[in-house]
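Chemist: missing the sequence, but the structure's below:
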């Protein structure tokens, strides 16, 4: 190559970035082409900062031969260089490195300020107003972003020594700003609490590299809280003390006495609570402990709030409605309706086809006939939408019902405007899909239920429990302190559905009937995992669309037991994306971590983001509604990717349009296939379930039942009959450490 020594000694080049061939935001691995003298050199390696076409860069590296792509320069170290000529400055600003400056604006800025452009932006940003198209606000924004780039580079170089990726460096900088380095030097374990995605282990690696003692109180307390949070993320509200001590000793590799000292310090700081539960001592994060106590007290209070009614008069009104609607209610449905008219707190539970929706509709009608204000809500957007469609009455998400907002100085901290001081203005609140409600959300909901307001909880107790901590619905039922009506009779119309009948068979430990003619439940036997994958592709692309005349992208959902492995959601998404939405010159795409997002892709939000703005547009593009909050499990389609603005736009199933900054893409995943756990509260026209292999703790009856009950029109299971039967036989649910049932019983007994 012209001007480059082809020797074993280090190679040094200075040039302009021509193209970014590949960049992984998660780890910084980059493939780029550099214009050096008269050559174009392909360089590969880890770059702490994102680079853009038009930037000047100095690279030190060595030659490597790639078996497919040939000779490349392996990056060993690099340095960004500021552009020297007006053309270089213009290309640098046009590259998208500063959000809001495109090619046209870059040309105007450089034409106005020439070689003095960078000094003007950094030191006299207000002069940018002299350029046509730049307001004072935009000038300030450009100045701040330019300064942020400089500061971020300094912080990224500091974090480089601790193997912190560029995307995390950006998150850390956004959290701490210019104080980043001082905070990390003082207590690196703070990162585990403040930065989403940086767990204790990453923080510990930094701490150990910095020479922090293994018995440091900061380290021990962070380790204990990490374990408690880990259990919380798996649905537990507490951890048995012995289990916690053993786990902490193993994690921290120190003696038990140090852990006990750490527990004592955390108890003094009121960050944890320790309590005897029978023969076992439990350790809670304080937030979980107090929320469990509050939920139990409020539930018992609600259960004592009864309204005296004329049962005979209610029965007469029910009979009248049956005649008007031409329906025949089951005995349990009538009992549920009567209890709803008088109980302060009622649980209505039942499987598919048992008439929960009909029961709720009649309850709403009777209550509104009495002039009562009834509010409806569900945990997720999809569940709320379904509730609206089923009742004809608007239902909100619980978060929206409670009017979520944020503390100004801390955008991450959610608060609900509806609480004890400003309760919900309703006579009756009805919550659907109660199995999805965790202890944290239940606590917030109950705070907003004023004395005298009644609460009706509806759900299927046999579904998987909430993703968040607690086992609220099952604990409420198990405690036997609250009025519960179980709907068990399956209606004739539902009996015609093999989905409904097989769901009940599975739930009762019976094997489902497979491949009955003209039914909606099918099993396709495949022995090898690759055959399962090929069959799923064929079903989605050809067989089901021709059979059901449906849209493969919108109407068919693959639900898989696992996240990893050949039949896990991660691998299936890569395969199905290639089959359903392959690369195209007409579609823009963005790589982030292990994902490549493409316009037209089916995606899912994987964590709650309470302050993410959304808008709903009508056919003419006019905003008809707007708000904040996109939640774990919400799904949609990518409609646009804008490299210049560094944004990705999603149209969600409930018609909300959301614009994501590229730094927020870790909140999204491809959703051609999702785990069964992630499908909770959702309903799909057609569901395909791969059932082949997996650990017994996961592959159980509860999981299979949940997957089957997600489908409205058709279920197709692909895999091994033996594993399907094994799941039905395996009634072992994963136990949750939750003490709400214990507290309900204890408070009830004390008040008797």
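Modeler: Cool, the structure landed. Because the structure is a prediction, the values reported are computed rather than measured. Residues are numbered from 1 along each chain as shown.
Chemist: Mind naming the longest helix for the protein?
Modeler: Residue-count comparison of every helix in the chain, with assignments taken from DSSP state H, identifies helix 136-160 as the longest.
Chemist: For residue 129, list the residues it contacts.
Modeler: The neighbours of residue 129, taking Cβ atoms under 8 Å, 6 or more residues apart in numbering as the test, are 135-136, 139. C-betas here are computed from N, CA, C, even on glycine.
Chemist: From the contact counts, what lies against the longest helix of the chain?
Modeler: Applying 3 or more Cβ pairs under 8 Å, 6 or more residues apart in numbering; DSSP states H and E, we find helix 136-160 packed against helix 117-123, helix 166-176, helix 180-186.
Chemist: switch the cut-off to 6 Å
Modeler: With contacts taken as 3 or more Cβ pairs under 6 Å, 6 or more residues apart in numbering; DSSP states H and E, helix 136-160 sits against helix 117-123, helix 166-176.
Chemist: got a pLDDT number for the closest residue to residue 723 other than its chain neighbours?
Modeler: The shortest distance from residue 723 to any non-neighbouring residue, by Cβ to Cβ, 6 or more residues apart in numbering, is to residue 691 (5.2 Å). Residue 691 is assigned a pLDDT of 96 by the prediction.
Chemist: Now for residue 691, how many residues are close by?
Modeler: By the measure other Cβ atoms under 10 Å, the count of residues near residue 691 is 26.
Chemist: Same question for residue 519.
Modeler: Here the number of neighbours of residue 519 (other Cβ under 10 Å) works out to 17.
Chemist: can I assume it is in contact with residue 498?
Modeler: Yes. With contact defined as Cβ atoms under 6 Å, residue 519 reaches residue 498; the gap is 3.9 Å.
Chemist: For the residue nearest to residue 723, list the residues it contacts.
Modeler: Residues counted as contacts of residue 691 (Cβ atoms under 6 Å, 6 or more residues apart in numbering) are 717, 719, 723-724.
Chemist: give me phi/psi at it?
Modeler: When read as degrees, to the nearest 10, the backbone of residue 691 gives phi -130, psi 110.
Chemist: and it, what are its bridge partners?
Modeler: Applying DSSP bridges to residue 691 gives these bridge partners: residue 719.
Chemist: That one and residue 729: what is the separation?
Modeler: Distance of residue 691 to residue 729, computed by Cβ to Cβ, to the nearest Å: 13 Å.
Chemist: quick one: what helix or strand has residue 229 in it?
Modeler: Residue 229 is part of helix 217-233, with elements assigned from DSSP states H and E.
Chemist: How about residues contacting that helix?
Modeler: Under the contact criterion Cβ under 6 Å, 6+ apart, helix 217-233 has outside partners 187, 189, 192, 200, 239, 247-248, 251-252, 258, 262, 266, 285, 469.
Chemist: quick one: buried residues of it?
Modeler: The neighbour-count criterion (16 or more other Cβ atoms under 10 Å) identifies 218-229, 231-232 as the buried residues of helix 217-233.
Chemist: repeat for stretch 585-596
Modeler: Residues of stretch 585-596 classed as buried under the neighbour-count rule (16+ other Cβ under 10 Å) are 588-592, 595-596.
Chemist: do the same with stretch 151-160
Modeler: Result for stretch 151-160 [16+ other Cβ under 10 Å]: buried residues 152, 155-156, 158-160.
Chemist: Also stretch 168-180?
Modeler: Along stretch 168-180, these residues count as buried under the neighbour rule (16+ other Cβ under 10 Å): 168-173, 175-176, 180.
Chemist: Report the inter-axis angle for the longest helix of the chain versus helix 166-176.
Modeler: Relative orientation of helix 136-160 versus helix 166-176 (axes from the mean of the first three to the mean of the last three Cα atoms, to 10 degrees): 120 degrees.
Chemist: model confidence over helix 136-160, on average?
Modeler: 78.
Chemist: Show me what that helix is in contact with.
Modeler: Contacts made with helix 136-160 from outside it, assessed by Cβ under 6 Å, 6+ apart, are listed as 48-49, 98, 121-122, 125-126, 128-129, 169, 173, 180-181.
Chemist: 7 Å instead, please
Modeler: The set of residues that contact helix 136-160 without belonging to it, under Cβ atoms under 7 Å, 6 or more residues apart in numbering, is 48-49, 97-101, 121-122, 125-126, 128-129, 166, 169-170, 173, 178, 180-181.
Chemist: Please report phi then psi for the nearest residue to residue 418 once chain neighbours are set aside.
Modeler: With sequence-adjacent residues excluded and distances taken as Cβ to Cβ, 6+ apart, residue 418 is closest to residue 448, at 4.0 Å. Here the main-chain torsion angles of residue 448 (degrees, to the nearest 10) amount to phi -90, psi 0.
Chemist: Tell me who's in contact with residue 448.
Modeler: The contact partners of residue 448, taken as Cβ under 7 Å, 6+ apart, are 402, 416, 418-419, 423-424.
Chemist: quick revisit: now the buried residues of stretch 151-160 in a markdown table, with distance to residue 82?
Modeler: Rendered in a markdown table, the data for the buried residues of stretch 151-160 read as follows (distance: Cβ to Cβ, whole Å):
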| residue | distance to residue 82 |
| --- | --- |
| 152 | 15 |
| 155 | 18 |
| 156 | 17 |
| 158 | 20 |
| 159 | 22 |
| 160 | 20 |
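Chemist: just curious, which of the residues you listed is nearest to residue 478?
Modeler: Top of the list for closeness to residue 478, among the buried residues of stretch 151-160 and by Cβ to Cβ, is residue 159 at 47.9 Å.
Chemist: The closest one and residue 43: what is the separation?
Modeler: With distances defined as Cβ to Cβ, the gap from residue 159 to residue 43 amounts to 22 Å.
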